[in-house]
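A.B. asks: Need coordinates for the below:
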Amino acid sequence: MSLEFTITHGVPGNDFWENFSTLWHNSLDRSPFKSPHILRYFVSKKQDQTTIFQYFKEGRLRGAVFFKNNAGTLTFLSDLKTDVNFFVLDRDLTKEEQKQFFEGLLQTVKREKWVLILNNQPAWAAYMAVFEEVGSSSGLFWMNFSYSVCPFVEAETPEALFERVNSSRELRYRVNKLKKQEHAEFEVLTDGYDMDLWVKEFCDAHILRWADTPTPSSFRDPARRQFLLDCLKAWNDDNILVRFAIKVEQRRIGFVVGLREENSLIHHSTTFHPDYWKFSPGKALILFMTQWMKNENLRMLDFGDGNEPYKYDVADKEHVLNRIFISGKSKVPFMLKANVIKFVRNNPAIYHTYQNRLKPWVSRAAAALHLPNTLDFLSF
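C.D. replies: Numbers count the residues shown, from 1 in each chain. I've put the predicted structure just below:
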């Protein structure tokens with residue numbers, strides 16, 4: 001049995017991307033947030049900080065994970081834009097081989113004196129029990145706790161999913177109201193058609209939607225608009241992007257960025273033009289999306305990271321997202337930070353105060369004084 005663990009820093013060559021593309025297409029989850037073109041784009045953005053851990057068996061790439069390395073503190077590179085961070089593991093790996101992958105990773109953490117902050121870890125991942133076992137017995141500091149949720153709705157068949165969603169009088173009312181009063185048209189795009197204008201209209205609507213709120217749109221920054229455009233182009237190159245919109249008089253007024261994953265569709269990002277808030281474009285789009293999903297043989301609608309109330313108009317289940325902290329036991333400040341974050345997240349009243357009072361106040365003060373946000377190091 002020939003095993004090899006390799007670390008690559010910076011931009012890997014074309015041979016790597018060919019091997020990784022093969023791995024991703026045969027991976028356990030084939031997550032859109034780890035697809036070849038999106039990761040290649042992220043590497044181009046953070047090439048000086050990119051660290052890739054690879055697991056080979058019998059000369060074949062069987063597992064990989066991309067990190068952003070900030071002076072020995074490693075986070076997932078896909079944190080740049082993600083809902084969930086799966087490890088990319090070959091679906092044919094046995095439990096013992098999965099164990100070898102994680103043992104190799106944690107031995108490397110120990111040897112390199114890294115600290116890992118693994119955000120948005122799917123508690124439902126097929127490998128999670130193995131990872132927990134290896135981490136708990138590694139001799140490293142290991143902390144794994146529930147951090148967020150992904151609401152979702154699924155059915156045994158795509159037809160059953162549509163029937164369930166279509167049974168909502170509220171959603172049918174929103175669709176009919178838009179059609180009758182605004183002569184609205186529903187649009188779905190699965191290729192690169194009109195991409196630049198679509199993203200411009202999305203960003204413009206997002207800016208208007210969040211103007212004069214405590215959380216104004218990040219798309220006021222031209223660099224963030226370009227980043228969104230580049231991400232959508234990368235996902236389109238991997239044939240997993242689906243763009244939904246509502247058009248009134250040829251202008252798009254409601255948007256959803258959808259991503260295909262196995263038998264599901266991820267409702268990744270959404271916005272609407274505030275002039276049409278009373279029509280609830282987002283709710284109308286959900287019904288339209290499930291109608292499209294019926295024809296595409298997709299039976300789960302995944303609303304991604306976060307428990308925003310609108311998601312539960314349809315979602316009736318939740319997947320749990322964990323956050324994992326790993327380091328050597330000499331990293332006392334890091335371990336203290338992990339325990340503080342766990343305490344705050346496990347106390348809803350304290351977290352609510354932080355999220356809705358302290359964090360906005362500190363952010364505004366830091367921006368006014370042109371200082372770094374002093375709470376960024378906690379990243380609750």
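A.B. asks: tell me the mean pLDDT for whichever strand in the chain runs longest?
C.D. replies: Ranked by residue count under DSSP state E, the longest strand found in the chain is strand 141-154. For strand 141-154, mean pLDDT rounds to 96.
A.B. asks: Can you tell me which helices and strands that strand packs against?
C.D. replies: strand 115-122, helix 128-136, helix 158-166, strand 300-302, strand 317-327, helix 332-345 (3 or more CB pairs under 8 Å, 6 or more residues apart in numbering; DSSP states H and E). C-betas here are computed from N, CA, C, even on glycine.
A.B. asks: mind saving the C-alpha coords of the longest one as CSV?
C.D. replies: This means helix 332-345. C-alpha atoms of helix 332-345 as CSV (Å, rounded to 0.1, in the frame of the first residue of the first chain):
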residue,chain,number,x,y,z
VAL,A,332,-3.1,29.1,25.0
PRO,A,333,-4.4,32.3,23.4
PHE,A,334,-6.0,30.3,20.5
MET,A,335,-7.6,27.9,22.9
LEU,A,336,-9.0,30.8,25.0
LYS,A,337,-10.4,32.4,21.9
ALA,A,338,-12.1,29.2,20.9
ASN,A,339,-13.7,28.8,24.3
VAL,A,340,-14.9,32.4,24.3
ILE,A,341,-16.5,32.0,20.9
LYS,A,342,-18.2,28.7,22.0
PHE,A,343,-19.6,30.4,25.1
VAL,A,344,-21.0,33.3,23.2
ARG,A,345,-22.6,31.1,20.5
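A.B. asks: looking just at contacts, which helices and strands does it meet?
C.D. replies: For helix 332-345, the packing partners by 3+ CB pairs under 8 Å, 6+ apart come out as strand 141-154, strand 317-327, helix 348-353.
A.B. asks: strands paired with the first one, and their directions?
C.D. replies: Same thing as strand 141-154. strand 300-302 (antiparallel), strand 317-327 (antiparallel) (DSSP bridges).
A.B. asks: could you dump these to TSV with mean neighbour count, mean pLDDT and distance to D48?
C.D. replies: Listed next are the strands paired with strand 141-154 as TSV, based on neighbours: other CB atoms under 10 Å; pLDDT from 0 to 100; distance: least, CB to CB, whole Å:
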stretch	mean neighbour count	mean pLDDT	distance to D48
strand 300-302	22	98	33
strand 317-327	19	97	23
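A.B. asks: and the ones you listed as a markdown table, adding distance to D90?
C.D. replies: Compiled in a markdown table, those are given as follows (distance: least, CB to CB, whole Å):
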| stretch | distance to D90 |
| --- | --- |
| strand 300-302 | 23 |
| strand 317-327 | 22 |
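A.B. asks: Of all those, which one comes closest to A284?
C.D. replies: strand 300-302 (14.5 Å; CB to CB).
A.B. asks: what does the closest one contact?
C.D. replies: Residues from elsewhere that reach strand 300-302, judged by CB atoms under 8 Å, 6 or more residues apart in numbering: 83, 150, 152-155, 161, 165, 261, 263-267, 286, 289-290, 293, 314-315, 319.
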